[in-house]
Each structure stands twice: as structure tokens, then as C-alpha cells.
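In: no sequence for this one, just the structure:
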């Protein structure tokens, strides 16, 4: 019990990124040694004042409350020191120290786990392809992993469930926080047939900035990531690039050449970053040799048979799209905590400060910063997902928040 308390303590320190948590764990040789280290030992590590102050707070009340809440909710905890912790995640430089779970505990290293991601505002084509593909993967014995969002996430989970397979959802908030709320029925099905996972303690709100961080776990748990439909700047592309950085496979479904929701997937294919796939078989053939004991050879369903199965799944009525925000007024910008600024990467901070002064296009940012275009686009996507930037007419970007002054 004491060991997990120290890991929970370290994982909940303010001002520490996941990468910093791992570096501290490895530098000191364990969370307990980090806990008993003194202020002088933290001073020489180049941490922020907030991080150093948080590390000097030795109260274990918060870890104890987390453990008690997990017990009440029937959740399981998986720490990076447990034998069941996925080796696939330990290969990441910013692996989560603790994973919270609801449902079934999978041995991911033995699974043909495949992440399926794509746009929330997807087309009917994307929903159909995601459902068919997930159904085929599940029937063959693969484990489909996704988020819980509307669009491709939901279509993938429904398809896999209709294929008779277990599924896993990785959430940006706590495992007990259903988001979006209208997917509560799907959340219950996933928990009953598979697992809900998160790196965040129960009760954590799914704030926008948590989704890009969550994506590295989606891709990290899996052998490959399948992008079904994604716009040119989509959170799904963050997951694809995470998978590439992690040395995992990336697959993409092609779409119409002029389709906005296929610009991202077509781009991945054209740049050679993803294998073009149209069916589950196009993916499974990559793993049949290594996982012959896990995969089953089943007669493929016709498109009509697949669609009949998928049509049997209830789908809640669509909600109206939220009204797009107008141009931010500098004095009326909401205030964000300074700790969020410190958790940004250096390039993200540079771009944010530049856009705090005036709105710019992506090309103008490249010209002013000399940051490569791909990294600018990735930073813009992360900043938008976190709610720190707003896209204006003419594909210009501007700051959507201002950060509180550091004391």
C-alpha cells in the first residue's frame, strides 16, 4: 500500500509533466526516494518553482483519498512497478506512473491491440467504414482501442462490440467521468465487455488540454493506429504522429480527394507515413505471423451483412453543433493557470506568445519562428485542443486565453 501511495503522490504533483515524473522516478530510483528527498536535491534539477514547491509538500492525504475513492467505485490501479503493467507503455519516455481502470484487466503485450481514431465531425462514409473495419477486427480476435467521443470513436467501439470482441476506451478525464454524457450507454457497454482506462484520478474533468496527452496512451498500448477519417488539423493526427514517434504502425483509410474530412488521412498516405487500408484484412495481414495464436480465420462478412449488424446498434440523435466563438477581445480573454503554460513545450510557448500579439497564419508562423511546418501544425493542433488558441477566418490563429501572472 505504501508503495502505491508514493507513486500516487508523485503523479499528482503540480507543475510536473509526465516526462518529468518519469525522469525523477528514474533519477532517484523510486517514488519513495523522491518523496523523502529534500528541497536542496530538487533545486539542482532545473524544475519550476511550482514543481519544487509541490515536491516539498509531503502530505499523503490526496493519495489516500484517491485510494479510498477507487475502493468505493470498484476501480483497479495498475502502477508502473506492477508485473501486469504493459511493457509497450514502459517503452515511452513519458509513460504514466499509474493507470486507473474499470472493468477487465488486459495483458496488452499479448494482444493484437489496434487503436482506431478519427474525427468527431465525421461523414456517413467514415462512420460506415469505421464500423465495418472494427467489426472485422473484433471477429478475427483483435482488440479495438479508442476514445469515447462521438464520430469515429463511437462507430469503432460499436462495430467491435457487434463483432463479439472486447473493447477498451482510454479517457482524458477520470474513468468515472462519462464524456460526452450522451454516450453513457456506450460507456456502460465498454466497461461490461472490456475496460475503461485513464492516467488521471477518478473525478478528473476531461479538460481540452488533457486529450492530446491521452493520445500517447492510445497509441502506446497498441501495435498500430488506424486513422479512419481526419481533417487537415485533427486531434487524430496527433495520435498518428505519436504512434510514428513510438515506432508503431500507422494505417489510414483513403477518402475523396476533395473531402475536408479525408485531408488528414490522405496526407498521411501520400507522405508515406501510413499504409493505405480499406478492410480489416489489410491490417490483420501485418500481424498474422507473429500472433497466429491470437488471430482467428473467419469467413468475411459481405458489406450487406456487416451493415445489417451495425444498423442494429442504437445511435442517440445528433446534438446541434456549438456556435463557433467569435474573435477574442484581448481584455475579455479568460484566464488560464500559469502551470499550464509551464507544461507546454518550448515551441508551443513560442508560438502562443507570438499569437498573443497578433493573429497569424501557419505559414507566417513558420517564417517568423523558423520552426518546421510539420511541427508548427502539430503545435497549433495541441494548442487548439487545449483551448489556448482560436482559428479565425482566413485560417489565421490567435490566442484564446491569457495566463495568470506568476507570483
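Out: On my side now, so go ahead. Not measured: the values here are computed from a predicted model.
In: CA atoms for contacts and neighbours, from now on please.
Out: Will do.
In: could you pull out the strands for the stretch 1-150 of the chain?
Out: With DSSP state E, counting those that start in this stretch as the definition, the stretch 1-150 of the chain shows strands at residue ranges 76-79, 98-103, 113-117, 143-146.
In: ranking those strands by burial, who's on top?
Out: Mean neighbour counts were taken over the strands of the stretch 1-150 of the chain using mean count of other CA atoms under 10 Å, and the top value, a mean of 30, falls to strand 113-117.
In: residues making contact with it?
Out: Residues from elsewhere that reach strand 113-117 (CA atoms under 8 Å, 6 or more residues apart in numbering): 130, 142-147, 152-153, 156, 218-219, 221-229, 236, 239.
In: filter these to the buried ones?
Out: Buried residues within those, counting neighbours by 16 or more other CA atoms under 10 Å: 130, 142-147, 152-153, 156, 218-219, 221-229, 236, 239.
In: before we move on, back to that, may I see the strands of the stretch 1-150 of the chain organised as TSV, with distance to residue 362 and mean pLDDT added?
Out: Below are these laid out as TSV (distance: least, CA to CA, whole Å; pLDDT from 0 to 100):
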stretch	distance to residue 362	mean pLDDT
strand 76-79	40	96
strand 98-103	36	97
strand 113-117	25	98
strand 143-146	29	98
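In: Reformat those strands as JSON lines; add distance to residue 244.
Out: JSON lines is the format used below for these (distance: least, CA to CA, whole Å):
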{"stretch": "strand 76-79", "distance to residue 244": "25"}
{"stretch": "strand 98-103", "distance to residue 244": "23"}
{"stretch": "strand 113-117", "distance to residue 244": "13"}
{"stretch": "strand 143-146", "distance to residue 244": "17"}
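In: Which helix runs longest in the protein?
Out: helix 124-139 (DSSP state H).
In: any idea of the mean pLDDT for it?
Out: Looking at helix 124-139 alone, the average pLDDT works out to 96.
In: show me where the stretch 201-350 of the chain has strands.
Out: According to DSSP E, counting those that start in this stretch, the strands that the stretch 201-350 of the chain contains are 224-227, 249-252, 275-276, 335-336.
In: Show me what counts as buried in stretch 185-203.
Out: Neighbour-count burial for stretch 185-203, counted by 16+ other CA under 10 Å, picks out 186-187, 189-191, 193-202.
In: Any idea how far apart the tips of that stretch sit?
Out: Between the opening and closing residues of stretch 185-203 we find a distance of 19 Å, counting by CA to CA, to the nearest Å.
In: Three-state assignment for residue 398, please.
Out: The three-state label given to residue 398 by DSSP: H, G, I helix; E, B strand; the rest coil is strand.
In: need the contact list for it.
Out: Contacts for residue 398 (CA under 8 Å, 6+ apart) come out as 328, 355-356, 358-360, 389-392.
In: What's opposite it in the beta bridge?
Out: Using DSSP bridges, the bridge partners assigned to residue 398 are residue 390.
In: where's residue 168, which helix or strand?
Out: Of the helices and strands defined by DSSP states H and E, residue 168 is found in strand 167-170.
In: And the pLDDT for residue 316?
Out: Residue-level confidence at residue 316 comes out at 54, pLDDT.
In: hmm, back to that, and the strands of the stretch 201-350 of the chain: which comes nearest residue 111?
Out: strand 224-227 (11.5 Å; CA to CA).
In: still on that earlier bit, who wins for proximity to residue 276 among the strands of the stretch 1-150 of the chain?
Out: Comparing those by their distance to residue 276 (CA to CA), the top pick is strand 113-117, with 14.2 Å.
In: What is the nearest of the buried residues of stretch 185-203 to residue 303?
Out: Of all these, the one with the least separation from residue 303 (CA to CA) is residue 186, at 23.6 Å.
In: What ranges in the chain fall below the confidence cut-off?
Out: Along the chain, the model assigns pLDDT under 70 to residues 1-2, 312-332, 404-407.
In: returning to what we had before: next SSE downstream of the strand holding residue 168?
Out: Downstream of strand 167-170, the next assigned helix or strand under DSSP H and E is helix 184-193.
In: For whatever helix or strand comes next after that following helix, give me every contacting residue.
Out: Scanning forward in sequence from helix 184-193 by DSSP H and E, the next helix or strand is strand 195-198. Identification of contacts with strand 195-198 by CA under 8 Å, 6+ apart yields 99-105, 167-175, 187, 190, 214.
In: can you count the residues close to the spatially closest residue to residue 55 that is not a sequence neighbour?
Out: Closest residue to residue 55 in three dimensions, ignoring its sequence neighbours and counting by CA to CA, 6 or more residues apart in numbering: residue 13, at 6.5 Å. By other CA atoms under 10 Å, 18 other residues sit near residue 13.
In: can you put the strands of the stretch 201-350 of the chain in CSV and add distance to residue 74?
Out: Supplementary listing: the strands of the stretch 201-350 of the chain in CSV, determined by distance: least, CA to CA, whole Å:
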stretch, distance to residue 74
strand 224-227, 30
strand 249-252, 34
strand 275-276, 40
strand 335-336, 34
